[in-house]
Each structure stands twice: as C-alpha cells, then as structure tokens.
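1. give me the fold of what follows.
(one chain, ligands or ions: 1)
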Amino acid sequence: MFSMFESKGARVATLIGFIGILASLGAAFFIRSLFSVFIIVALVIVAGWMLTIQVFYTLHLYREDRKRMEATTRLCPGCDARIYKSDDACPYCGIDLDAS
Ligand SMILES: [Zn+2]
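-> The predicted structure follows:
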C-alpha cells in the first residue's frame, strides 16, 4: 500500500510546508497588526503544499505503472513496438518470437 511519504520529494515538501506554516502562524501571533496577512500566507502554503504532494503522488503512480509495464513487456526486435513478454508473435509486425 502506497504512503504519500515514500517519495523523497513529498517528504521535503512536507517539511518545508510545516516550517512555512509554523513560521507564518508564529509571525501572526507575534505581529498582531499583520495577523490576517500571515494567516492568509499560511493558507496559501497549505494549498501549495497539498498541490505539491499531489504532483509527487501522481509522479510516483506514473513511475510504478511504468515499472510494472516494463516488467511484463519488451520491445519487439522487428519493429520496436512494446509487446507482452508472453507473446509468441508480434501483434504489430507478425515476426515470430522465441518463447522466453
Ligand atoms: Zn513487431
């Protein structure tokens, strides 16, 4: 089961996000006159952070999918199309393939 924090990028984004949020909330607490400005900054950081994690998550899924595809397929020696390793003949160019 995938955890969003398997990806190094997502972990770094989380760390930066936390620091940014804490810094903004801390600043909001200490600089009362700009309280709402820092709250908005914190919300923007939360939004950017979630978006970043989503991007890394999508990239991770893409890489996993690619790995799975590369494990079950190969390139046809005749036409370079991606075919299943279990194929006896290329479905694109019809070349006979050795059962491997
Ligand atoms: Zn082929």
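
2. how much space between Ser86 and Met50?
-> Applying C-beta to C-beta, to the nearest Å, the value for Ser86 to Met50 is 41 Å. Quick note: C-beta positions are derived from backbone N, CA and C, even for glycine.

3. Leu61 too?
-> From Leu61 to Met50 the distance is 16 Å (C-beta to C-beta).

4. equivalent analysis for Leu15, please.
-> 15 Å.

5. for Ala27, same thing?
-> 21 Å.

6. and the two? Which one has more around it.
-> Ala27 (16 against 12; other C-beta atoms under 10 Å).

7. averaged pLDDT, the helix or strand that one falls within. What do you get?
-> Assigned by DSSP states H and E, Ala27 belongs to helix 8-30. Per-residue pLDDT values across helix 8-30 average out to 83.

8. next secondary structure after it?
-> helix 35-72.

9. distance between that following helix and the chain's centre?
-> 7 Å (C-alpha atoms, centre = their mean, to the nearest Å).

10. what sits against Gly20?
-> Val41, Ala42, Ile45, Trp49 (C-beta atoms under 8 Å, 6 or more residues apart in numbering).

11. around the ion, pick out the residues from the protein.
-> Counting by C-beta under 5 Å from the ion, the residues of the chain close to the ion are Cys76, Gly78, Cys79, Ala81, Cys90, Tyr92, Cys93.

12. TSV for these, including secondary structure?
-> Listed next are the residues of the chain next to the ion as TSV, based on DSSP: H, G, I helix; E, B strand; the rest coil:
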residue	secondary structure
Cys76	coil
Gly78	coil
Cys79	coil
Ala81	coil
Cys90	coil
Tyr92	coil
Cys93	coil
